[in-house]
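Student: give me a 3D structure for the following:
(chains A and B)
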Amino acid sequence: MRRITVNLLIDYAPDHPYHRASVAALHEAAAKTDIPIELRIVPTDTIDAVENLTGASSAVFIGPGTPYRRPEAANEVIRAARERGVPLVAT
Amino acid sequence: MLVEHARNLAGIADASHAEYGPGGRPVIDLLACSLQDQTIAVDLAPGSLLARLYGRTNAVERTTCSYGLVTELQHLANEHGMRTSATDDTGEVRAIERTDHPFFVGTLYQPQLTSAPGAAHPVFTGLLLAAARD
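Tutor: You can find the predicted model right below:
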């Protein structure tokens, strides 16, 4: 099956259990569905062009751990995913 | 997700999230009863995408959230293409989804905390399957 890109918006802290669980859950879903994924961890203060996060064959995961460093950038990604029909989950 | 919805679709241009401090009109605020480190039973709306993903209309989930949609604005979850897809025993919104989108789901709980090797959570398998259909 075609590989998809999952952009995980999260101000990632490797020792945070909920952050680690978010990454693990995506890999567990990839194993279950046999869908190969490229997982990109995207800290909110590194978001530039939302088009790069909402392209074809991509998905967006708005991860846990607010407050985000750049909440407005996260909102722009949410808007782009909504308008472009890109699959998104926010937890 | 609800702040974006409120600002760009519901006409609340100054919609804000109280966690970021005062200012604007908070649509997300501290919950009257925090859900931090709680396990909650949720009812999934029949016919919703979420219920189809789970294959049932109830679930038990873990949550770490202390903020949520303010009580007076619960209607925002059922306007402008959004619908409530889960509630808990308070009757308040615990998950939402868009009806005009292939897969646009937000949860006030953390399904990643109940996912496990060999037992992937349906929210995440659903996300990947939706992207693969793109």
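Student: now the residue of chain B most remote from its centre: how far from residue B:9?
Tutor: Largest separation from the mean C-alpha position in chain B: residue B:118, at 24.8 Å (C-alpha atoms, centre = their mean). The span separating residue B:118 from residue B:9 equals 39 Å under the rule C-beta to C-beta, to the nearest Å. Where C-beta positions appear, they are placed from N, C-alpha and C, glycine not excepted.
Student: in the helix or strand containing residue A:19, what counts as buried?
Tutor: For residue A:19, the enclosing helix or strand under DSSP states H and E is helix A:17-33. Buried residues in helix A:17-33, counting neighbours by 16 or more other C-beta atoms under 10 Å in any protein chain shown, are found at A:18-19, A:21-30, A:32-33.
Student: likewise for stretch B:119-133?
Tutor: Buried positions in stretch B:119-133, judged by neighbour count with 16+ other C-beta under 10 Å: B:120-132.
Student: can you give me the first-to-last residue distance of stretch B:43-63?
Tutor: Chord length of stretch B:43-63, first to last residue, is 15 Å (C-alpha to C-alpha, to the nearest Å).
Student: check stretch B:63-72 too.
Tutor: Start-to-end, stretch B:63-72 (C-alpha to C-alpha) is 22 Å.
Student: ok, and what's touching that stretch?
Tutor: Stretch B:63-72 has contacts (C-beta atoms under 8 Å, 6 or more residues apart in numbering or on different chains) with A:18, A:64, A:66, B:2, B:17-19, B:26-32, B:34-40, B:76-77, B:92-94, B:108-110, B:113.
Student: now that stretch: how far from the chain's centre is it?
Tutor: Its chain's C-alpha centre and that of stretch B:63-72 lie 10 Å apart, by C-alpha atoms, centre = their mean, to the nearest Å.
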